[in-house]
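Student: Kindly return the folded structure for what I paste below:
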Amino acid sequence: MMRIAPEALRQLVEAAEAAYPGECCGLLVGRQLPSGVIEAIRAHPSANLGKKENRFEIDPRLWVDLARALGRGPTKVVGLYHSHPDGPAQPSAVDLDSAWGEELVWLIVSVAGNPDAAAGAARTGQAIQVTAHILDHDGRQFRELPLRTTDWAPYPVRLDPDKFPDGPLEETP
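Tutor: As a prediction, the model looks like this:
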């Protein structure tokens, strides 16, 4: 599972919308919890150095600067993000061809354009879905990970009054 801080999610969604119709990209900093959950606490935007339309390349200087700043502490680069303008929030064949690092999570933001924009008006996009993926099977394919914000909590449970006529046995948080 991947958990992301709401502020980091907001940042990368805003970056994806601002970059539209181009792609945005950046790095995610966080940690892997003992439970195996990967938690991103910060998003660091990168200039997109991709040479072609609908391609992204994260600035290597950002990688180096973050690695130096983080040192050997508990936080590290746990993933990257990029957007898919007018495309689904799932890895493309191009993503797979350029993917590396089975330990890195890939967040993909699907951004849809406004089809009702007036002729000649600036094209705007709206983020419509964000998904998380990790390389699997020796880097041969992506596998989707459940994605939650760090403030997400399990749903409350309504007990069956026929089975529990006196109410719950103990208080639930």
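
Student: Just give me the residue closest to the centre of the protein.
Tutor: What sits nearest the mean C-alpha location of the chain, by Cα atoms, centre = their mean, is residue 107, with 3.0 Å.

Student: mind checking the SS state of it?
Tutor: Of the three states, residue 107 takes strand under DSSP: H, G, I helix; E, B strand; the rest coil.

Student: Quickly list what it is bridged to.
Tutor: With DSSP bridges as the criterion, residue 107 is bridged to residue 81, residue 132.

Student: which residues sit in contact with it?
Tutor: 2, 4, 12, 28, 40, 79-82, 130-133, 147 (Cβ atoms under 8 Å, 6 or more residues apart in numbering). For every residue, glycine as well, the C-beta is placed using N, CA and C.

Student: nearest to residue 88, of those?
Tutor: Nearest to residue 88 among the contacts of residue 107, counting by Cβ to Cβ, is residue 131 at 8.6 Å.

Student: who touches the helix or strand of the chain at the bottom of the mean pLDDT ranking?
Tutor: Least confident helix or strand of the chain, by mean pLDDT, DSSP states H and E, is helix 93-98 with a mean of 92. Contacts to helix 93-98, defined as Cβ under 8 Å, 6+ apart, come from residues 54, 55, 106, 108, 141, 142.

Student: For it, buried residues please.
Tutor: Residues of helix 93-98 classed as buried: residue 95 (neighbour count, 16 or more other Cβ atoms under 10 Å).

Student: for this structure, what spans make up the strands?
Tutor: Assigned by DSSP state E, the chain shows strands spanning 2-4, 25-32, 38-46, 76-85, 105-113, 125-136, 141-145, 147-149.

Student: coming back round to it: for the contacts of helix 93-98, give me TSV that also has pLDDT.
Tutor: Below are those laid out as TSV (pLDDT from 0 to 100):
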residue	pLDDT
54	77
55	87
106	97
108	98
141	92
142	96
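
Student: Tell me the most packed of those, by neighbour count.
Tutor: Tallying neighbours with other Cβ atoms under 10 Å puts residue 108 at the head of these, with 24 neighbours.
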